[in-house]
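# Let's see this in three dimensions:
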Amino acid sequence: MHTVYLIAFMVLIGAVIGGLTNSLAIKMLFRPYKEIRIKSWRVPFTPGLIPKRHDELAIQLGKMVVDYLITAEGLGKKLKSSVFSEGMISWLRVEAQKVLTSNKSAAQLIEENMRINQPKKVMLEKTESFVQKGLSQFLEENRERTLSDLLPETLQQTVDSKLPDITQYILDRGQAYLESPEGKEKVSVMIDRFLIQKGTLGNMISMFLGNERLVDKVQPELLKFLRDQGTYQLLLTLLENELVKWKGKQLKDFENYINQEEVVSFVVHTVHKHVPFFEWIDQPMEEWSGAYSDFVMNNLIPRGVELALTVLSSHLEELLKKFHLEDIVTEQVKTFSVERLEELVLSISKKEFKMITYLGALLGGVIGFIQSLIVLLIG
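Presented below is the predicted three-dimensional model:
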């Protein structure tokens with residue numbers, strides 16, 4: 001009976017010591033949270049392991065997250081998966097449908113979600129600023145260049161090819177005007193003025209021939225002149241020469257004739273008038289978005305998601321570097337209190353820590369049993 005008590009006692013003592021030792025070791029991972037000092041002497045094993053290595057733990061966690069958990073390769077596979085892309089498309093379609101069928105205007109939605117007051121006014125101001133800056137920059141950069149350098153080659157060729165037609169049009173319009181009663185009257189007035197300027201000689205001509213008879217003689221000659229091939233060729237040559245002169249002029253030669261404010265105002269007014277968005281922005285979305293709903297849902301969103309995921313996948317490594325993810329994780333872990341870290345670890349591994357304690361008690365009991373046998377054998 002004495003032997004049984006001895007074995008049981010030794011086993012119990014070993015189990016208690018083993019369990020308490022493991023439990024204490026687990027506690028010492030976190031506690032004490034701060035070092036304990038008796039005057040200038042620091043009590044050994046204070047603070048606990050994790051509080052003592054808090055900064056190192058934060059750095060290592062940051063490296064582990066970047067090197068093994070959130071990697072460009074892993075994220076790339078996730079982004080390229082059909083499940084992820086389909087999920088993104090479905091989510092965007094739901095959100096887009098809410099916007100497209102809203103009874104609020106685009107201006108209201110922009111004000112609510114982007115915190116931009118009077119978005120239409122802001123857009124017009126931005127357009128005006130953009131046009132003003134672009135025009136000023138264009139004039140500054142091209143002041144010394146000629147029109148021939150600035151105008152597109154195709155436009156110059158088109159103008160050149162149209163000169164014969166323009167020449168013929170001018171002559172045709174001149175003939176039509178001379179043949180009209182208004183044109184004949186104008187010629188008569190001009191003849192009368194000419195004769196008056198000639199004084200006595202003009203009066204004598206007018207007296208002998210009569211103004212009407214002179215008009216009747218001059219008008220056919222003028223028409224014959226306009227119909228003559230030589231006149232056509234002369235006018236065409238004059239227009240070609242003038243066009244060459246104009247092409248050779250520099251932009252600065254016309255700068256005094258360019259009112260930048262009027263040009264900018266004209267462009268902005270044209271954009272405001274002809275770009276539909278400026279009209280729609282104050283209307284409820286549901287009134288005008290229906291015509292574009294199918295395009296947005298079946299074309300814009302799928303292609304946009306595909307393009308966005310492709311671009312993200314190809315630049316993931318660079319983006320992760322720019323995010324400084326390792327530094328973010330490190331800083332976040334450093335801000336964790338030791339109590340929070342303890343709570344976090346225990347919430348994950350509480351069951352395992354209990355098993356370690358029980359295992360320590362079991363091993364302690366086994367060791368106590370073995371010791372008791374050794375004592376009995378020696379005794």
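# What is the distance between stretch 235-247 and the centre of its chain?
47 Å (CA atoms, centre = their mean, to the nearest Å).
# same deal with stretch 244-262?
Its chain's C-alpha centre and that of stretch 244-262 lie 36 Å apart, by CA atoms, centre = their mean.
# again, but for stretch 113-129
Stretch 113-129 has its C-alpha centroid displaced from the chain centroid by 16 Å (CA atoms, centre = their mean).
# do stretch 135-146 as well
Chain-centre distance of stretch 135-146: 28 Å, with CA atoms, centre = their mean.
# which residues in the stretch 201-350 of the chain form helices?
Ranges of helices in the stretch 201-350 of the chain, per DSSP state H, counting those that start in this stretch, are 211-227, 229-248, 260-274, 277-280, 285-288, 290-295, 301-314, 316-323, 325-335, 338-378.
# Which one of those helices lies nearest to Lys120?
For these, proximity to Lys120 was assessed by CB to CB; helix 277-280 is nearest, at 6.5 Å. Where C-beta positions appear, they are placed from N, C-alpha and C, glycine not excepted.
# Quick one: mean pLDDT for the closest one?
Helix 277-280 carries an average pLDDT of 82.
# Now do the buried residues in that helix.
Residues Trp280 are the ones in helix 277-280 that count as buried (16 or more other CB atoms under 10 Å).
# Name the residues that touch it?
The contact list for helix 277-280 (CB atoms under 8 Å, 6 or more residues apart in numbering) reads 106, 120, 123-124, 271-272, 288.
# now with 10 Å?
When contacts are defined by CB atoms under 10 Å, 6 or more residues apart in numbering, helix 277-280 is touched by residues 105-107, 120, 123-124, 127, 271-273, 287-289.
# The closest residue to Phe225 other than its chain neighbours: what's it in contact with?
Spatially, and ignoring its direct neighbours in sequence, Phe225 is nearest to Thr231 (5.7 Å; CB to CB, 6 or more residues apart in numbering). Residues near Thr231 by CB under 10 Å, 6+ apart: 167, 171, 174, 224-225.
# tell me the pLDDT at Gly174?
For Gly174, pLDDT reads 88.
# Repeat that for the one 5 residues further on.
According to the per-residue confidence, Glu179 scores 86 in pLDDT.
# what's near enough to touch it?
Applying CB under 10 Å, 6+ apart, we find Glu179 in contact with 219, 222-223.
# Surely Leu363 is in contact with Gly19?
Yes: with contact defined as CB atoms under 10 Å, Leu363 counts as touching Gly19 (9.2 Å).
# Neighbour count: those two, which is higher?
Comparing Leu363 with Gly19 by other CB atoms under 10 Å, the one with more neighbours is Gly19, at 20 against 17.
# Domain parsing of the protein, as residue ranges.
2-77+318-378, 146-249 (automatic domain parsing).
# Comparing the ones you listed, which comes out most buried?
The highest mean neighbour count among the domains of the chain, using mean count of other CB atoms under 10 Å, belongs to domain 2-77+318-378: a mean of 14.
# quick one, helices of the stretch 1-150 of the chain?
Remark: helices assigned in the stretch 1-150 of the chain by DSSP H, counting those that start in this stretch are 2-27, 49-52, 54-64, 72-80, 82-100, 106-114, 119-142, 147-150.
# what sits up against the second one?
Right, helix 49-52. Identification of contacts with helix 49-52 by CB under 10 Å, 6+ apart yields 25, 28-35, 45-46, 56-57, 337-339, 341-342, 345.
# ok, now with 8 Å
Helix 49-52 has contacts (CB under 8 Å, 6+ apart) with 28-30, 32-34, 57, 338, 341-342, 345.
# and if you look at the fourth one?
Contact with helix 72-80 is made by 84-85, 309, 312-313, 316-317, 320, as judged by CB under 8 Å, 6+ apart.
# Any of those residues buried? List them.
Among these, those classed as buried by 16+ other CB under 10 Å are 85, 309, 316, 320.
# ok, so of those residues, who is nearest Val296?
Closest to Val296 out of those is Ser85 (17.1 Å), distances taken as CB to CB.
# how about TSV for the domains of the chain, with distance to Val296 added?
Formatted as TSV, those follow (distance: least, CB to CB, whole Å):
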stretch	distance to Val296
domain 2-77+318-378	27
domain 146-249	35
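# I'd like the distance from Arg37 to Pro47, if you could.
11 Å (CB to CB, to the nearest Å).
# What's opposite the closest residue to Glu144 other than its chain neighbours in the beta bridge?
Sequence neighbours aside, Gln250 is the residue nearest to Glu144 in space, at 5.9 Å (criterion: CB to CB, 6+ apart). Residues in a beta bridge with Gln250, per DSSP bridges, are Thr146.
# Local confidence estimate at Gln250?
Reported pLDDT for Gln250: 88.
# Pull the contacting residues for it.
Contacts of Gln250 by CB under 8 Å, 6+ apart are 143-146.
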